[in-house]
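**Q** I would like the atomic coordinates for the input below:
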Amino acid sequence: MNDMGDDAAVATRLETLRVEHRDLDAAIAALAEGGASDQLQLMRLKKRKLRLRDEIALLEDQMIPDIIA
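**A** Below you'll find the predicted structure:
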């Protein structure tokens, strides 16, 4: 079973990742709107955003207790 300190650390990490994910979303949108966008930079930002999404999903799964049916 998870310790309360672990849960708090996971919750803090989740919030940090969510903020970074939103920031990346805004950066991608701004870069795409810029017209002469750097496609390589855009790809890197999108890859980072996907990695963040995966890490967020993994941490959210850790926060949800296993239910034995």
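**Q** okay, CA-based contacts and neighbour counts for the rest of this
**A** OK.
**Q** What does the pLDDT read for Lys47?
**A** Note on Lys47: pLDDT of 97.
**Q** in what helix or strand does it lie?
**A** Using DSSP states H and E, the element containing Lys47 is helix 39-63.
**Q** just how off-centre is that helix within its chain?
**A** Distance of helix 39-63 from the chain centroid (CA atoms, centre = their mean, to the nearest Å) equals 5 Å.
**Q** For it, which helices and strands make contact with it?
**A** If contacts are counted by 3 or more CA pairs under 8 Å, 6 or more residues apart in numbering; DSSP states H and E, helix 39-63 sits against helix 4-33.
**Q** now the angle between helix 39-63 and the helix it packs on, please.
**A** Interaxial angle of helix 4-33 relative to helix 39-63 (axes from the mean of the first three to the mean of the last three CA atoms, to 10 degrees): 160 degrees.
**Q** which strands and helices sit next to helix 4-33?
**A** helix 39-63.
**Q** outside of the helix it packs on, which residues touch it?
**A** Residues outside helix 39-63 that contact it (CA atoms under 8 Å, 6 or more residues apart in numbering): Asp7, Val10, Ala11, Leu14, Leu17, Arg18, His21, Leu24, Asp25, Ile28, Leu31, Ala32.
**Q** Select only the buried ones of these in ChimeraX?
**A** Taking 16 or more other CA atoms under 10 Å as the burial criterion, the selection of buried members of the contacts of helix 39-63 in ChimeraX is written as:
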select :10,14,17,18,21,24,28,31
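**Q** can you put the contacts of helix 39-63 in CSV and add distance to Leu58?
**A** What follows is the contacts of helix 39-63, written out as CSV (distance: CA to CA, whole Å):
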residue, distance to Leu58
Asp7, 13
Val10, 10
Ala11, 12
Leu14, 10
Leu17, 12
Arg18, 13
His21, 14
Leu24, 19
Asp25, 20
Ile28, 23
Leu31, 28
Ala32, 29
